[in-house]
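1. The following block contains a protein sequence and its predicted model.
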Amino acid sequence: MSVEFKKFVKIRFYGNLNDFLPVAKRQKVQRMGFWGTPTVKDLAESLGVPHVEIYLILNDSIPVNFDHRPVEGSLISCYPRFTSIPISGIALRPDFEVPPRFVLDVHLGRLAAFLRFCGIDTLYDRTYIDNEILTIAQTHNRTILTRDKGILRNGKAYYGYFIRNTNPQRQLAEVVDYFDLTPYFNPFSRCSLCNGELERVEKFEVRTLVPENTFRVYNDFFRCKSCGQIYWEGSHFERITAMLKPFRL
């Protein structure tokens with residue numbers, strides 16, 4: 001009976017893919033051992049890097065697909081999404097559609113509200129389980145935003161991004177920067193509760209739907225076409241406006 005020996009490749013991750021690695025292994029070539037004939041996707045994800053954030057893989061300087069099986073001694077280079085260098089001819093996936101549309105996991109409720117305040121199409125429900133998120137993303141061509149690396153390693157995941165920050169406002173800044181969302185901002189055009197579109201309504205229509213003092217003080221009111229939630233330009237509006245100000249063109 002023949003004995004199979006462990007084989008080795010060299011692998012390096014570039015850019016923000018290093019966020020998934022221990023500090024001591026970032027920005028450097030690693031020597032990685034393996035048995036059998038794993039794919040480059042298998043090797044990358046075994047080190048903690050979700051395939052959905054890898055946009056280019058080179059095997060000894062030659063572009064390869066996720067299902068490529070490297071041989072002993074290969075140098076594997078993994079790159080994140082490029083923003084200034086065109087790689088459409090060799091990228092492992094086409095770039096996400098614009099404007100991007102998202103579906104978020106249970107950990108990102110505040111971020112979902114902030115994205116909706118910006119007018120970005122964002123699905124979120126605290127009851128979503130992983131399979132529902134994957135199905136929604138597949139069916140409606142949405143990008144998954146998550147704090148759970150596990151869902152991004154699922155073979156059904158195509159577009160996705162792991163949120164690095166834990167503070168909701170910093171999460172918003174992170175997403176706006178990564179997906180270049182500023183050109184698609186349309187503040188206060190979506191309901192922060194359900195993602196429905198808002199419409200302006202006449203003041204008399206909300207007389208019995210808002211507090212008496214609110215009705216007396218404010219003149220401009222908006223209603224969600226989906227859930228009927230009423231909005232007005234109160235102190236909450238001012239706080240959100242101030243929060244979004246750094247992102248405006």
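-> Noted; the coordinates are in hand.
2. Please give the number of neighbouring residues around residue 237.
-> The local packing of residue 237 (other Cβ atoms under 10 Å) involves 17 other residues. All C-beta spots, glycine's among them, are computed from the backbone N, C-alpha and C.
3. Please read the previous query as pertaining to residue 244.
-> Here the number of neighbours of residue 244 (other Cβ under 10 Å) works out to 19.
4. residues contacting it?
-> Contacts for residue 244 (Cβ atoms under 8 Å, 6 or more residues apart in numbering) come out as 117, 118, 185, 187.
5. and the residues you listed as CSV, adding secondary structure and pLDDT?
-> What follows is the contacts of residue 244, written out as CSV (DSSP: H, G, I helix; E, B strand; the rest coil; pLDDT from 0 to 100):
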residue, secondary structure, pLDDT
117, helix, 93
118, coil, 93
185, coil, 92
187, coil, 89
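6. Specify which member of these is nearest to residue 228.
-> Comparing the contacts of residue 244 against residue 228 with Cβ to Cβ places residue 117 closest, at 18.3 Å.
7. Could you break the chain into its assigned domains?
-> 7-79, 102-184 (automatic domain parsing).
8. Buried residues in the helix or strand bottoming out on mean pLDDT in the chain, which are they?
-> When the helices and strands of the chain are compared on mean pLDDT, DSSP states H and E, helix 235-244 comes out lowest with a mean of 80. By neighbour count on 16 or more other Cβ atoms under 10 Å, the buried set for helix 235-244 is 237, 240, 244.
9. Point out where this protein drops to low pLDDT.
-> Within the chain, the ranges that satisfy pLDDT under 70 run 1-5, 83-90, 248-249.
10. if we can go back for a sec, quick check: which of the domains of the chain has the most neighbours on average?
-> Highest mean neighbour count among those (mean count of other Cβ atoms under 10 Å): domain 102-184, with a mean of 18.
11. what's the spacing between it and its chain's center?
-> Put simply, domain 102-184 sits 4 Å off its chain's centre (Cα atoms, centre = their mean, to the nearest Å).
12. before we move on, the earlier item: can you put the buried residues of helix 235-244 in JSON lines and add distance to residue 129?
-> Listed next are the buried residues of helix 235-244 as JSON lines, based on distance: Cβ to Cβ, whole Å:
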{"residue": "237", "distance to residue 129": "34"}
{"residue": "240", "distance to residue 129": "30"}
{"residue": "244", "distance to residue 129": "31"}
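13. for those, which one is nearest residue 28?
-> Among those, residue 244 lies closest to residue 28 (Cβ to Cβ), at 38.5 Å.
14. separation between that closest one and residue 119?
-> For residue 244, the distance to residue 119 (Cβ to Cβ, to the nearest Å) stands at 10 Å.
15. ok, back up a step: redo the domains of the chain as a markdown table? Include distance to residue 226.
-> As requested, the domains of the chain are arranged in a markdown table below (distance: least, Cβ to Cβ, whole Å):
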| stretch | distance to residue 226 |
| --- | --- |
| domain 7-79 | 29 |
| domain 102-184 | 12 |
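16. Nearest to residue 195 among these would be which one?
-> It's domain 102-184; of the domains of the chain, that one is closest to residue 195 (Cβ to Cβ) at 5.7 Å.
17. Give me the distance between the two termini of that closest one.
-> One end of domain 102-184 to the other measures 13 Å (Cα to Cα, to the nearest Å).
18. Let me see the ranges of the helices in this structure.
-> Here the chain has its helices, by DSSP state H, at 40-46, 109-117, 130-140, 149-153, 168-179, 212-217, 235-244.
19. Now tabulate those helices in CSV and tack on distance to residue 15.
-> Output for the helices of the chain, formatted as CSV (distance: least, Cβ to Cβ, whole Å):
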stretch, distance to residue 15
helix 40-46, 14
helix 109-117, 22
helix 130-140, 23
helix 149-153, 16
helix 168-179, 11
helix 212-217, 48
helix 235-244, 27
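20. quick one: which of those is nearest residue 92?
-> Of these, nearest to residue 92 by Cβ to Cβ is helix 40-46, at 9.3 Å.
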